[in-house]
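[1] Everything below, folded, please.
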Amino acid sequence: MSLPPLVEPAAELTVDEVRRYSRHLIIPDVGMEGQKRLKNARVLCVGAGGLGSPALMYLAAAGVGTLGIVEFDEVDESNLQRQIIHSQADIGRPKAESAKDTVLGINPHTRVNIHEERLDSSNVKEIFADYDLIVDGTDNFATRYLVNDACVLLNKPYVWGSIYRFDGQASVFWSAHGPCYRCLYPEPPPPGMVPSCAEGGVLGVLCASIGSIQVNEAIKLLAGIGDPLVGRLMIYDALEMTYRQVKVRKDPDCAVCGPNATVTELIDYEAFCGAVSDEAQQAAAGATITPKQLKEWIDDGENLEIIDVREPNEYEIVSIPGAKLIPKNEFLMGDALGEMPQDKRIVLHCKTGVRSAEVLAVLQSAGFSDAVHVGGGVIGWVNQIEPDKPVY
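    I've put the predicted structure just below:
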């Protein structure tokens with residue numbers, strides 16, 4: 001579906017800009033007018049992480065005149081495997097500042113605005129208002145629904161991408177011309193059901209594959225060329241090296257973009273998506289111990305069964321001494337309940353405490369009323385007990 005250009009062209013290109021963008025200018029579909037539109041464009045990237053890194057770099061290289069960066073996190077060593085906009089020297093720096101420096105190093109003609117704050121219902125409309133197009137590089141459901149709903153309410157298009165292990169997805173959501181994200185995913189998955197990249201991992205180069213597709217779609221929208229991914233979901237399998245498409249139709253019953261929308265203002269998206277289920281929160285109340293408390297129990301010779309509910313690859317990186325690996329899904333399927341000892345106190349842990357809280361709810365409902373879990377998980381254990389061990 002061909003769409004009109006999203007922005008008007010700038011008045012002119014300088015001599016330096018003509019030299020810089022010459023390989024664009026000789027493409028008939030882009031030309032001088034298309035490049036002038038890119039110069040006049042204002043694009044906001046939500047996140048300067050895995051997807052935001054290649055997106056920001058290629059948007060700058062393409063000649064987008066104004067780039068905004070929403071990012072409140074700091075650069076961590078574990079980011080460098082995929083977040084190529086940052087370097088070793090940037091560890092500990094705010095990601096927004098690191099990303100800005102890289103962008104300006106690529107293209108000094110690009111204006112960069114940084115928004116070093118967590119995006120939420122109180123600030124999203126004000127931030128989005130100054131931009132023509134949003135590129136969504138977030139990795140959590142709460143922010144995805146927030147971005148979608150804000151774009152629908154402001155009538156702004158946005159380019160969406162998602163990555164996990166070897167798989168990626170991309171689409172363009174613009175309720176004025178097609179479906180929105182809620183048309184594809186009306187409800188978020190149950191808390192803890194879909195692991196994050198921090199829990200399940202992601203192939204670093206996959207970020208470049210999906211991020212570059214997002215930029216390609218952004219350029220098409222801004223310049224009014226080609227057939228954008230509106231109403232289509234692109235699915236990429238890096239292991240099989242296959243691309244396939246799924247048609248996404250506008251949902252007449254969509255809660256936010258349908259004719260009888262029930263979501264007419266922004267909501268509490270953390271509560272909507274529920275980082276931890278109500279059952280897990282109830283189970284963890286009064287049944288959460290600290291890593292130091294677990295260490296004291298171990299040193300005192302308490303009769304414990306320490307169970308690690310992470311995945312095998314995570315267990316290989318770092319583990320708590322004496323912990324037995326039983327992944328969370330084995331509890332959710334019921335397969336692991338028969339392995340639980342009746343004569344020991346069960347202590348659960350995961351990476352940070354979210355998955356172990358979900359498993360704790362399962363165990364308590366099965367009658368293991370004295371089971372507990374470790375708040376902060378193995379990361380807390382390493383930070384407090386064994387700081388020489390690696391974290392991930």
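[2] How are the strands of the stretch 51-200 of the chain distributed by residue range?
    Counting by DSSP state E, counting those that start in this stretch, one finds strands in the stretch 51-200 of the chain at the ranges 66-70, 111-115, 133-136, 158-164, 167-173.
[3] Can you name every helix or strand that the fourth one contacts?
    With contacts defined as 3 or more Cβ pairs under 8 Å, 6 or more residues apart in numbering; DSSP states H and E, the packing partners of strand 158-164 are strand 133-136, helix 141-154, strand 167-173, helix 197-200, helix 204-223. (C-beta placed from N, C-alpha, C; glycine too.)
[4] that older thread, kindly reformat the strands of the stretch 51-200 of the chain as CSV containing mean neighbour count.
    What follows is the strands of the stretch 51-200 of the chain, written out as CSV (neighbours: other Cβ atoms under 10 Å):
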stretch, mean neighbour count
strand 66-70, 23
strand 111-115, 17
strand 133-136, 26
strand 158-164, 25
strand 167-173, 23
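[5] Out of those strands, which gets nearest to residue 279?
    Residue 279 sits nearest to strand 158-164 of all the strands of the stretch 51-200 of the chain, at 24.8 Å, using Cβ to Cβ.
[6] Need the contact partners of the closest one.
    Strand 158-164 has contacts (Cβ atoms under 8 Å, 6 or more residues apart in numbering) with 50-51, 133-137, 139, 144, 147-148, 151, 168-174, 181, 195, 197, 200, 202, 206-207, 210-211, 213-214, 217-218, 221, 229.
[7] swap the cut-off to 7 Å and go again
    By Cβ atoms under 7 Å, 6 or more residues apart in numbering, the surrounding residues in contact with strand 158-164 are 50-51, 133-137, 147, 151, 168-173, 181, 197, 200, 202, 206-207, 210-211, 214, 217-218.
[8] got it, and stretch 237-251?
    Outside stretch 237-251, the residues within contact range by Cβ under 7 Å, 6+ apart are 166-167, 171, 178-179, 183-184, 203, 206, 209, 231-236, 258.
[9] please redo it, this time with the cut-off set to 10 Å
    Here stretch 237-251 makes contact (Cβ atoms under 10 Å, 6 or more residues apart in numbering) with 163, 165-169, 171, 173, 175, 177-186, 203, 205-206, 209-210, 213, 229-236, 257-258.
[10] Tell me the gap between that stretch and the middle of its chain.
    Relative to its chain's centre, stretch 237-251 lies at 19 Å (Cα atoms, centre = their mean, to the nearest Å).
[11] Same question for stretch 126-135.
    The offset between the C-alpha centroid of stretch 126-135 and the centroid of the whole chain comes to 18 Å, using Cα atoms, centre = their mean.
[12] Return the set of buried residues in stretch 383-392.
    residue 385 (16 or more other Cβ atoms under 10 Å).
[13] quick one: contacts of that stretch?
    Residues outside stretch 383-392 that contact it (Cβ under 10 Å, 6+ apart) are 76-78, 198, 201, 290-292, 294-295, 298, 313-314, 317-321, 351, 376, 378-379, 381-382.
[14] what residue is smack in the middle of this protein?
    Central residue of the chain (Cα atoms, centre = their mean): residue 139, 0.9 Å from the mean position.
[15] So what's the residue count around the spatially closest residue to that residue that is not a sequence neighbour?
    Closest residue to residue 139 apart from its sequence neighbours, by Cβ to Cβ, 6 or more residues apart in numbering: residue 197 at 5.7 Å. Residue 197 sits with 18 neighbouring residues when counted by other Cβ atoms under 10 Å.
[16] which ones are touching residue 197?
    Applying Cβ under 10 Å, 6+ apart, we find residue 197 in contact with 49, 50, 82, 139, 140, 162, 163, 164, 165, 206, 207.
[17] What pLDDT does the model give the closest residue to the first one other than its chain neighbours?
    For residue 49, the nearest residue in space outside its immediate sequence neighbours is residue 83; the separation is 5.3 Å by Cβ to Cβ, 6+ apart. pLDDT, the model's per-residue confidence, is 97 for residue 83.
[18] what about residue 83, how many neighbours?
    25.
[19] so what's it up against?
    By Cβ under 10 Å, 6+ apart, the neighbours of residue 83 are 47-54, 75-76, 90, 95, 98-99, 204, 207.
[20] what about stretch 73-86, start to end distance?
    Using Cα to Cα, to the nearest Å, one end of stretch 73-86 lies 12 Å from the other.
[21] For the stretch 251-392 of the chain, which segments are assigned as helices?
    Counting by DSSP state H, counting those that start in this stretch, the segments of the stretch 251-392 of the chain that form helices are 269-273, 278-284, 291-299, 312-317, 328-332, 354-365, 377-384.
[22] So the residue nearest to the centre of the chain sits against residue 51, correct?
    Yes - because the distance of 8.0 Å satisfies Cβ atoms under 10 Å, residue 139 is recorded as touching residue 51.
[23] Residues that sit against both of the two, list them.
    Residues touching both residue 139 and residue 51 (Cβ under 10 Å, 6+ apart): 161, 162, 163, 202.
[24] so the closest residue to the last one other than its chain neighbours bridges to which residues?
    Of all residues not flanking residue 202 in the chain, residue 163 sits nearest, at 5.2 Å (Cβ to Cβ, 6+ apart). Beta bridges link residue 163 to residue 168 when assigned by DSSP bridges.
[25] One more: the one 10 residues further on?
    Per DSSP bridges, residues listed as beta-bridge partners of residue 173: residue 158.
[26] these two touch, right, it and residue 135?
    No - Residue 173 is beyond contact range of residue 135, at 11.5 Å (criterion: Cβ under 10 Å).
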